[in-house]
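S.K.: give me a model of this one.
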Amino acid sequence: MKKTVCMLYGGKSGEHEVSKQSAASILKYINKDKYRIIPIGIKKDGTWHVQEEPLIENDPQRGDCLAITKNNNPVTLIPEAGILYLGQNLGIDIIIPVLHGTFGEDGTMQGFFEILNIPYVGAGVLGSALAMDKEKVKVQWRAEGLPVLDYLIVRKHEYPVLKQNPQDLINRLRENKLTYPLFIKPAAMGSSVGVEKVDKETDLFSSLEKAFVYDRKVLIEQGITAREIECAVLGNDSPEAFAPGEVIPHHSFYSYKAKYLDPDGASVQIPAALPEHIREKVEKYAVHAYTSAEVTGMARVDLFYEEKSGNLYLNEINTIPGFTNISMFPNLCAHGGLAYTELIDNLIELGFERSTQKQDLVYSLNE
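M.R.: Numbers count the residues shown, from 1 in each chain. From the prediction side, this is the model:
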């Protein structure tokens, strides 16, 4: 008997369009002989719409995207009862959240799935939330002895005072030994949304203003000359890393435009041309970063490799990585022998596995 899989996509984040690209690929490659698929698109206003007749549209810049057609029949969400549509329970066995970024990858939606008591693919509440926060996950990694670049945190409530007294921020940068170039990053965004490279002091505050559009906490991170290495990790209790790949940006850095809008924005090399001892260290760091952040299911771990020094630095971890046909995560898995359709099967099995383990737990004291 087919399992009913609900694929949630779209969402309220700045990665809405990227999500539609990923959803189109998953819909294309998922085994329809094995699963009954119910796509539910979440519009930017947060409304949920069942796609009774899913429509894949071709965007001139983005390629195939799964459209979100407005449905006037509301979706009802009832804790411990599931997802209802037209008065009927949809009978969902598991959810695949294809919701990159805020309100999908940050633990909020995962907590909702827990309340609905429906199994789901990917990291749980804690792993999702921790991995999404670029500061907190670096704090965790440092505590585990893993290497990260130096950074400084600026919060939105501090910004007006710093803008009036710019020397205060400049002094903080010097105290933390941060030198140009710097990268300005919203703490909890993905796909390089709001990220800017700053080469000189005069651009510092304008870049901060842009980043604060997306988050109330911003990282000012040390920039280095390094290669961008990405590693796919898969599993629950015993995760495994696939051979890493390399992103070679053709812009000044791997920006949102380079990732999704410019067809010549970057090239990808799988596997990355790395010395064997560096490749082994990448995979070791990736698995350690994954487990220490309490991630399960899947993730793409991004690192910097500074060839001159031979140093590796963890950059970030993505618990719902891109799933387009050109995205690094599925292609790294495919190079490792796990084709796209089998990868989806594997992720669904891991989601059921974690759900079964949680069902065995006791949440109240029976006196």
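
S.K.: got the buried residues for the longest helix along the chain?
M.R.: Determined from DSSP state H, the single longest helix within the chain is helix 340-359. Burial within helix 340-359, assessed by neighbour count using 16 or more other CB atoms under 10 Å, is assigned to 340, 343-348, 350-355. Glycine gets a C-beta too; all of them are placed from N, C-alpha and C.

S.K.: now render those residues as TSV, adding distance to Ile96 and pLDDT.
M.R.: Listed next are those as TSV, based on distance: CB to CB, whole Å; pLDDT from 0 to 100:
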residue	distance to Ile96	pLDDT
Tyr340	13	97
Leu343	12	98
Ile344	8	98
Asp345	12	98
Asn346	12	98
Leu347	7	98
Ile348	7	98
Leu350	11	98
Gly351	8	98
Phe352	12	98
Glu353	15	97
Arg354	14	96
Ser355	13	95
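
S.K.: in JSON lines: the residues you listed, plus distance to Leu332.
M.R.: Output for the buried residues of helix 340-359, formatted as JSON lines (distance: CB to CB, whole Å):
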{"residue": "Tyr340", "distance to Leu332": "11"}
{"residue": "Leu343", "distance to Leu332": "10"}
{"residue": "Ile344", "distance to Leu332": "15"}
{"residue": "Asp345", "distance to Leu332": "17"}
{"residue": "Asn346", "distance to Leu332": "14"}
{"residue": "Leu347", "distance to Leu332": "14"}
{"residue": "Ile348", "distance to Leu332": "19"}
{"residue": "Leu350", "distance to Leu332": "17"}
{"residue": "Gly351", "distance to Leu332": "20"}
{"residue": "Phe352", "distance to Leu332": "23"}
{"residue": "Glu353", "distance to Leu332": "22"}
{"residue": "Arg354", "distance to Leu332": "22"}
{"residue": "Ser355", "distance to Leu332": "26"}
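
S.K.: closest one of these to Ile229?
M.R.: Lowest distance from Ile229 to these (CB to CB) belongs to Leu343, with 20.4 Å.

S.K.: after the host helix or strand of Val218, next one along is what?
M.R.: Element membership for Val218 (DSSP states H and E) is strand 217-222. Proceeding N to C from strand 217-222, the next assigned helix or strand is strand 227-235, under DSSP H and E.

S.K.: quick check: next helix or strand after that following strand?
M.R.: strand 240-241.

S.K.: that next one packs against which elements?
M.R.: Other elements packing on strand 240-241 under the criterion 3 or more CB pairs under 8 Å, 6 or more residues apart in numbering; DSSP states H and E are strand 227-235, helix 276-292.

S.K.: circling back: what residues does the longest helix of the chain touch?
M.R.: The contact list for helix 340-359, computed with CB atoms under 8 Å, 6 or more residues apart in numbering, reads 3, 5, 25-26, 29-31, 34-35, 94, 96, 119-122, 124, 234-236, 296-298, 325, 330, 333-334, 338.

S.K.: of those, buried ones?
M.R.: 5, 25-26, 29-30, 35, 94, 96, 119-122, 124, 234-236, 296-298, 330, 333-334, 338.

S.K.: pLDDT below threshold where in the stretch 51-200 of the chain?
M.R.: Scanning the stretch 51-200 of the chain with the threshold set as pLDDT under 70 gives 190-192.

S.K.: helices of that one, residue ranges please.
M.R.: Remark: helices assigned in the stretch 51-200 of the chain by DSSP state H, counting those that start in this stretch are 108-116, 125-132, 134-143, 159-164, 166-175.

S.K.: show me which positions of the fourth one end up buried.
M.R.: Judged by neighbour count (16+ other CB under 10 Å), helix 159-164 contains these buried residues: Tyr159, Leu162.

S.K.: tell me the gap between it and the middle of its chain.
M.R.: Offset of helix 159-164 from its chain centre (CA atoms, centre = their mean, to the nearest Å): 31 Å.

S.K.: so what does it touch, helix or strand wise?
M.R.: The contact analysis (3+ CB pairs under 8 Å, 6+ apart) places helix 159-164 against helix 166-175, helix 204-211.

S.K.: hey, which of those is tucked in deepest?
M.R.: Stretch with highest mean neighbour count among the helices and strands packed on helix 159-164: helix 204-211 (a mean of 18; mean count of other CB atoms under 10 Å).

S.K.: ok, and what's touching that one?
M.R.: Helix 204-211 is contacted from outside by 154, 159, 162-163, 166, 169, 182, 184-186, 194-196, 198, 218, 220, using CB under 8 Å, 6+ apart.

S.K.: check the offset of it from the chain's centre.
M.R.: What separates the centre of helix 204-211 from the centre of its chain is 23 Å, taken as CA atoms, centre = their mean.

S.K.: same thing with stretch 167-186?
M.R.: Stretch 167-186 sits 26 Å away from the centroid of its parent chain (CA atoms, centre = their mean).

S.K.: let's have the chain start at 197 instead
M.R.: With the count now opening at 197, the last piece we talked about shows up as stretch 363-382.

S.K.: that one: end-to-end distance?
M.R.: Distance between the two ends of stretch 363-382: 22 Å, counting by CA to CA, to the nearest Å.

S.K.: from the contacts of helix 400-407, which is closest to Ile264?
M.R.: Gly390 (23.4 Å).

S.K.: got phi/psi on the closest one?
M.R.: Dihedral angles of Gly390 (phi, psi; degrees, to the nearest 10) stand at phi 80, psi 0.
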